[in-house]
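Undergrad: Return atomic coordinates for the entry below.
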Amino acid sequence: MTVKAIVTYPAEILEQVCEPVKTFDKKLAKLLTDMYETMIEFDGVGLAAPQIGVNKQIAIVDIDDESGTIELINPEILETSGEQNGIEGCLSFPGLYGEVLRPYYVKIKAYDRKGKPFIMEAEDYLARAIQHEIDHLHGILFTSKVSKYLDEEELEEVEQND
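TA: Numbers count the residues shown, from 1 in each chain. The predicted structure is shown next:
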């Protein structure tokens, strides 16, 4: 297990469309484990492969709830509905936070580390985290969707009210 360095903006890889994963092997399993360790080390709730310099459609999400760690390989959004406005940050933009409008519900198809396809539905914060990570795999950064940036004081107020 290796904690990787986080790639920060304006690194070019963050705005590139990632390549699909074609080989499901031990190397992929190690990468997923390293991504999990890296996400935990940097106190994130999700991490996409380009954030550690890997141009592949791989992301993990763990919002610390009963869903556990979700590994998403070649994920695609099948359906969305509703809307939610919430605060997002990103490990590739340290200290930057903003309000982002996203669908409240998402249904996705992805593959697990063994190459087995699965379909998953998520709502609320989990749906937000999944969509944020899938955006990374298409070179879309949360900063392109921010309606309002928050300074430290505003962020602390929001955290106290949660």
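
Undergrad: For this structure, which segments count as helices?
TA: Here the chain has its helices, by DSSP state H, at 26-41, 124-137, 152-161.

Undergrad: Which pLDDT value belongs to the residue nearest the centre of the chain?
TA: Centrality entry for the chain: nearest residue to the mean C-alpha point is Glu133, 2.4 Å, by Cα atoms, centre = their mean. pLDDT, Glu133: 98.

Undergrad: cool, Glu152 as well?
TA: So, for Glu152, pLDDT stands at 76.

Undergrad: what's the answer for the one 5 residues further on, then?
TA: Looking at Glu157, its pLDDT reads 83.

Undergrad: how about the longest strand along the chain: buried residues?
TA: Counting residues, the longest strand found in the chain (DSSP state E) is strand 70-81. Residues of strand 70-81 classed as buried under the neighbour-count rule (16 or more other Cβ atoms under 10 Å) are 70-75. (C-beta placed from N, C-alpha, C; glycine too.)

Undergrad: pull the CA atoms of stretch 5-25 into PDB?
TA: Extracted C-alpha coordinates of stretch 5-25, given in PDB (Å, rounded to 0.1, in the frame of the first residue of the first chain):
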ATOM      1  CA  ALA A   5       0.900  12.400  -4.200                       C
ATOM      2  CA  ILE A   6      -2.200  14.400  -5.100                       C
ATOM      3  CA  VAL A   7      -2.100  16.200  -8.500                       C
ATOM      4  CA  THR A   8      -3.200  19.800  -8.000                       C
ATOM      5  CA  TYR A   9      -4.700  22.200 -10.500                       C
ATOM      6  CA  PRO A  10      -3.600  23.400 -13.100                       C
ATOM      7  CA  ALA A  11      -2.100  20.000 -14.000                       C
ATOM      8  CA  GLU A  12      -3.100  19.100 -17.500                       C
ATOM      9  CA  ILE A  13      -4.200  15.600 -16.600                       C
ATOM     10  CA  LEU A  14      -7.100  17.000 -14.500                       C
ATOM     11  CA  GLU A  15      -8.800  18.400 -17.600                       C
ATOM     12  CA  GLN A  16      -8.400  15.300 -19.800                       C
ATOM     13  CA  VAL A  17     -10.900  12.600 -20.600                       C
ATOM     14  CA  CYS A  18      -9.600   9.400 -19.100                       C
ATOM     15  CA  GLU A  19      -9.100   6.200 -20.900                       C
ATOM     16  CA  PRO A  20     -11.400   3.200 -20.200                       C
ATOM     17  CA  VAL A  21      -9.900   0.300 -18.200                       C
ATOM     18  CA  LYS A  22      -9.500  -2.800 -20.300                       C
ATOM     19  CA  THR A  23      -7.400  -5.000 -18.000                       C
ATOM     20  CA  PHE A  24      -8.700  -6.200 -14.700                       C
ATOM     21  CA  ASP A  25      -5.700  -7.600 -12.900                       C
END
